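Enquirer: Would you be able to build a 3D model of this:
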Amino acid sequence: MNLSGESLIAVLADLHLNVLATARRTLPGHAPADVVASLTDAAIELTRSRPDAPAPSCASVSLGAAATDERTVTDAVFLGWHRVPLAELVKTRLRMPTAVGNDLAAMTLQEAWFGAGREHDRLVLITVGAGIGFGLVVGGEVITTPDAELGLVGGIPVADDGRPATSLPAMDCLTSPAIERAWSGQGRPPLPAARVVDLAKRGEAAAVAICSSYARRVGRLIAMAAAFALPDVVVVAGERAEVAALFEDQVMVGTASLRRPDAAPIDIVVREHDRVSWARAAAALALRARAEGRL
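Expert: Okay, here's the model as predicted:
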C-alpha cells in the first residue's frame, strides 16, 4: 500500500510482484486512526476481489517519510505525523505481519530486483515531480542510510543551460509546483503542472519553453548523479518523468553540458508514472523483509 497526502492505492501481489488486484481510497483525514481504517478497508477489498488467490501472508506500507526499523514513521510532514507506530497499528487491524518504509527506498528496491537491476549491476534512480528523490543500487543492493530518506538531493543547485543561465535548488525547479510557478509567472491563469505538460505536447509555445528548460535541468541532474555514482543506467521516475520522455533531446543537451565528450553515453530509462507501480514497490519491501526473516 502506498500513501500520499490525499489518497492511497493498494495492490495484491504475488512473489514475482505481479499485481493481482488493486484498490484505491481517498483519505477521510490525516489522523492515524482514519488512515489505518482506510488501509484496512482497501486490504479487505483486495482479498475479497481475488478469492481464488492464496491469503496474503504479510503487508507493507510505503510513504514519503522517514521510517525506522520498518516499524515507525518518524516524520511524515504531509500527514502531520511524528513517531507514529504505523506497522503495529496496521498489523493489529489486518492480523498479519506488516512493514513500513520510505516510498523512494521501496521504488529503488523494486528497480533493483524487478526492473533495471535485473540487467545492470549498478543503477541510479532519480524521481521528479512531487519531490526530488535519489536512489542508488550497487551490486544488487540498495545503498541506504537514514539520510537517504531526507531528500537531500533536492537542495542541489541545478542550472538551466539557457542564456542567461540560472541555478535553483532541485526542489525549486524540478517539482510540479516549479512548473506551475513558471507558467503563472508569465502572467497566465494558474494551471496544474500536468495541464502545462499537456499544452506542451500540443506545441503551445510558452509550455514548450517551460518544459524544455525543465528537461535540460533533468539532464544536468542526471549528469551530476552519473559523475559521482558511475552507474550503468539511470532510471527517471515520478509524476513529471514524462517531461524527460517528451523532450528527450533537451535532456541530452543538459547532460552534454556537464559531461565530457569522451565519456561513455549515459543509459537513461524513463518510467511512465503510475501510482500502481508505487504500491507494487511497497510490496517489494514486504517481500525482502519476508525473505530475510524479519517479517
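
Enquirer: for this protein, what helix or strand is lowest in average pLDDT?
Expert: strand 66-68 (a mean of 87; mean pLDDT, DSSP states H and E).

Enquirer: For the chain, just list every one of the helices.
Expert: With helices called from DSSP state H, the chain shows them at 32-49, 86-94, 103-114, 170-173, 176-184, 193-201, 205-229, 241-246, 248-256, 275-291.

Enquirer: which of these sits most buried?
Expert: helix 103-114 (a mean of 25; mean count of other Cβ atoms under 10 Å). Every residue, glycine included, has its C-beta placed from N, CA and C.

Enquirer: I'd like the helices of the chain laid out as JSON lines, including mean pLDDT.
Expert: Formatted as JSON lines, the helices of the chain follow (pLDDT from 0 to 100):
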{"stretch": "helix 32-49", "mean pLDDT": "95"}
{"stretch": "helix 86-94", "mean pLDDT": "96"}
{"stretch": "helix 103-114", "mean pLDDT": "94"}
{"stretch": "helix 170-173", "mean pLDDT": "94"}
{"stretch": "helix 176-184", "mean pLDDT": "96"}
{"stretch": "helix 193-201", "mean pLDDT": "97"}
{"stretch": "helix 205-229", "mean pLDDT": "96"}
{"stretch": "helix 241-246", "mean pLDDT": "96"}
{"stretch": "helix 248-256", "mean pLDDT": "96"}
{"stretch": "helix 275-291", "mean pLDDT": "94"}
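
Enquirer: Minimum distance to Ala13: which of the ones you listed has it?
Expert: helix 275-291 (4.2 Å; Cβ to Cβ).

Enquirer: Centre of the chain to the closest one, how far?
Expert: How far helix 275-291 lies from its chain's middle: 13 Å, per Cα atoms, centre = their mean, to the nearest Å.
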